[in-house]
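1. Here is a sequence with its predicted model. Questions after.
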Amino acid sequence: MADYDSGEMESRRADISKQPEPALRGTPITPDRYFSKEFMDREWDTIWTRTWQIAGMDRELEKSGDYITTSLGKERILCTRGNDGKIRAFYNVCQHRGLQLMSEPSGNTRRLTCPYHGWAYNLSGELKAVPDEADYPQGSPCGKLNLVEIPCESWAGFVWYNMDENCVSLKAFLGPIADQIDSYPMEEMRRTHWVTIEGDFNWKLVQDNFSESYHVPFVHPSSKFVIEYSHHHCQFDHYPQGHCRMFMPGAGPAESIKGGEKETLASMSEELQRWELNPDDYRGGKTRNIRKDLQRQKRKLGKSKGYDFSTYHDDQLTDNWHYTIFPNLSFSLKPDGNIWLRARPHETDPEKCYFDMWYMTLFPKGETEYYSWVMREFVGIDTPVEHVQGKAGEISAGPAIDEDLEIWPLQQRGLHSRGYKRDYLAGQESRMRYFHETLEDWMDR
């Protein structure tokens, strides 16, 4: 179990107490749910149209007239910031003849004008002008046929929407994990990488993968020298809302790994030097001291290097706090950033999906350039973020995520084998089982 400090905490510090283990049914996770079109259609009606999803970043909607568009399965969503400062979400479809209203991913406009016949809506979604308004025998459509608005909220620097008009609030949906993630300065992080990959695998394989650390030493062999993956030393928690978390100690080799000094120091030497520690001091079997030494140094030097770590537990300064938010989001939180991961369903094919990776960088105060340890390159605070899109294997989501991406298509093919009938999970894979049982509960409502 990770040894989180239990001393005096400031009010924004996360609750790190171990959560009660849920009673799991052990329902078979049969392979058909990964390729059945019928199962996919049921998911659409009961999951995707009823859960909170992220459309984009608050920073993309800073000014009146700013808008963004996003897609989820067969739907297209439009978010705007109105003249009253409010952010709203609508189905991105003109009420005249059903054309997609705004085709660009983002922009700024005074009115939302359909390119087909020129119907014009204001930023609040009200139809304000149509050509030949007097030509409608049933009367002018203005004031009658407005854009269809859906629930929309902002939290943690993200714009969220829900297609269920009777949904619970975002805060109620997230439950206690919202306060925990708020211990990180999420609104100050900037999206410095944006990758969307079309993959030949079902979206649930992505969420399965990020619900356990059992695969880490085999899919990510170099990670075992800098991160703990064993269930003996990680903490796994489940929440009634269907969300989960995993605390993974970092900044040193896994307890079960013997040796690895060379690999650990090669991976961590730059970070050690940044925090004024000498990598040579950890030779001779001392790499297990790195984690606590880094915590002390970050606590001591954080303010002088442009960070406010006052809301962090000591272990947040080195460890990976990984949250899976039902049904399809993962926040892999680091002291200086967040690997944001999401799988979205394909429009028609259950054996395909869209996988999104954003890297959110927390720039030290006063710095305009920073080295991303995840992407292994320098990034600029004001550099426009290119949205890189392509097929799996053709573009990169970063070294570690690329290793996951190699596995999922192979697994998708294997699930069709007559020789595979159902899962056989270890205790440390309980978050995966909890995800599937939550999925079943939503689908059975």
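-> In hand now; what should we look at? Residues are numbered from 1 along each chain as shown.
2. Going by C-alpha atoms from here, please, whenever you check contacts or count neighbours.
-> Noted.
3. Now for the closest residue to residue 365 other than its chain neighbours, how many residues are close by?
-> For residue 365, ignoring the flanking residues on the chain, the nearest one in space by CA to CA, 6 or more residues apart in numbering is residue 306 at 4.3 Å. Counted with other CA atoms under 10 Å, residues neighbouring residue 306 total 13.
4. for residue 306, what are its contacts?
-> 364-367 (CA atoms under 8 Å, 6 or more residues apart in numbering).
5. Of these, which is the most crowded?
-> residue 364 (19 neighbours).
6. Settle this for me: that residue is touching residue 305, isn't it.
-> Yes: counting by CA atoms under 8 Å, residue 364 touches residue 305, with 6.6 Å between them.
7. Spit out the residues that contact these two alike.
-> If you check residue 364 and residue 305 against CA under 8 Å, 6+ apart, no residue is contacted by both.
8. Going along the chain, name the helices of this structure.
-> 37-43, 170-174, 177-181, 203-209, 216-219, 261-274, 290-301, 399-414, 430-444 (DSSP state H).
9. if we compare those helices, which one ends up closest to residue 18?
-> Distance to residue 18, taken as CA to CA, is lowest for helix 177-181 among the helices of the chain, at 12.9 Å.
10. Please enumerate residues in contact with that closest one?
-> So helix 177-181 is contacted by 12-15, 171, 243 (CA under 8 Å, 6+ apart).
11. could you flag which of these are buried?
-> 13-14, 243 (16 or more other CA atoms under 10 Å).
12. what is residue 77 paired to in the beta sheet?
-> Assessed by DSSP bridges, residue 77 has beta-bridge partners residue 70, residue 91.
13. Hmm, it is touching residue 100, no?
-> No: taking contacts as CA under 8 Å, residue 77 lies outside contact range of residue 100: 9.7 Å.
14. Now the common contact residues for these two.
-> Common neighbours of residue 77 and residue 100 (CA under 8 Å, 6+ apart) are residue 92.
15. out of the two, which sits in the busier spot?
-> With neighbours defined as other CA under 10 Å, residue 77 and residue 100 compare such that residue 77 has more, 22 against 17.
16. check contacts around the more buried one.
-> Per CA under 8 Å, 6+ apart, neighbours of residue 77: 55, 69-71, 89-92.
17. at 7 Å instead, please
-> Counting by CA atoms under 7 Å, 6 or more residues apart in numbering, residue 77 makes contact with 69-71, 89-92.
18. So for residue 188, which of the helices of the chain sits nearest?
-> helix 177-181 (13.0 Å).
19. pLDDT on the closest one, on average?
-> Per-region confidence: helix 177-181 scores 95 on mean pLDDT.
20. Centre of the chain to it, how far?
-> Centroid separation for helix 177-181 versus its chain: 14 Å, with CA atoms, centre = their mean, to the nearest Å.
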